[in-house]
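Undergrad: Provided below for reference: sequence and predicted model.
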Amino acid sequence: MARTTFSGPVASDNGFIGDFVGNVTGNVTGNLTGDVFASVQSLSGAGAVNVTDMFTSLTTSGVSQALTLANGTVGQIKIISHVVDGGSAVLTPTTKIGFNTIVFTNVADTVMLIYTAAGWDIVSINGATTT
């Protein structure tokens, strides 16, 4: 099939095969085979971890740099990974469950969060610490 543009509800009894480039808005039901890549925010130094990209690549350039994270949308996943070490960073989400802050000190410190009706909750944490 040549490149095709769809609009409105689209369904297939046989599935879709090939590369998909672009955005999907709505529900996806069925099996997904292949790689899924998240959009990436590159954040250097203190500042706001955005809620528009799934992945934040963190570069620190000082000690205890303040990071903030606004409330998300229920079901939203957010991953933050410390990729370049020039110090440390302290993340304080607006609304959180069971912790006050997350501290990133070393390269590879990573956290995966999910936003629930009660706030950001930690799904997994590697190397980073909580207070």
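TA: That came through fine.

Undergrad: residue boundaries of the strands in this protein?
TA: In the chain, the segments counted as strands under DSSP state E are 40-44, 47-49, 55-59, 65-69, 77-84, 89-93, 102-104, 110-116, 119-126, 129-130.

Undergrad: pairing partners for the third one, with directions?
TA: Strand pairing for strand 55-59, determined by DSSP bridges: strand 40-44 (parallel), strand 77-84 (parallel).

Undergrad: check the shortest one too.
TA: Its sheet considered, strand 129-130 pairs with strand 102-104 (antiparallel) by DSSP bridges.

Undergrad: what mean pLDDT does the strand it pairs with have?
TA: Averaging pLDDT along strand 102-104 yields 98.

Undergrad: contacts for that strand next, please.
TA: The contact list for strand 102-104, computed with Cβ atoms under 8 Å, 6 or more residues apart in numbering, reads 58, 60, 80, 82, 88-91, 111, 122, 125, 128-131. Backbone N, C-alpha and C define where each C-beta goes, glycine included.

Undergrad: ok, and the most crowded of these?
TA: Among the contacts of strand 102-104, Ala89 has the most neighbours (other Cβ atoms under 10 Å), with 29 neighbours.

Undergrad: kindly provide the distance from Asn23 to Ser39.
TA: For Asn23, the distance to Ser39 equals 10 Å [Cβ to Cβ, to the nearest Å].

Undergrad: the more surrounded of the two?
TA: Remark: of Asn23 and Ser39, Ser39 carries more neighbours, 10 against 6, as counted by other Cβ under 10 Å.

Undergrad: so how far is Asn50 from that one?
TA: 10 Å.

Undergrad: in stretch 101-111, what counts as buried?
TA: Thr101, Ile102, Val103, Phe104, Thr105, Asp109, Thr110, Val111 (16 or more other Cβ atoms under 10 Å).
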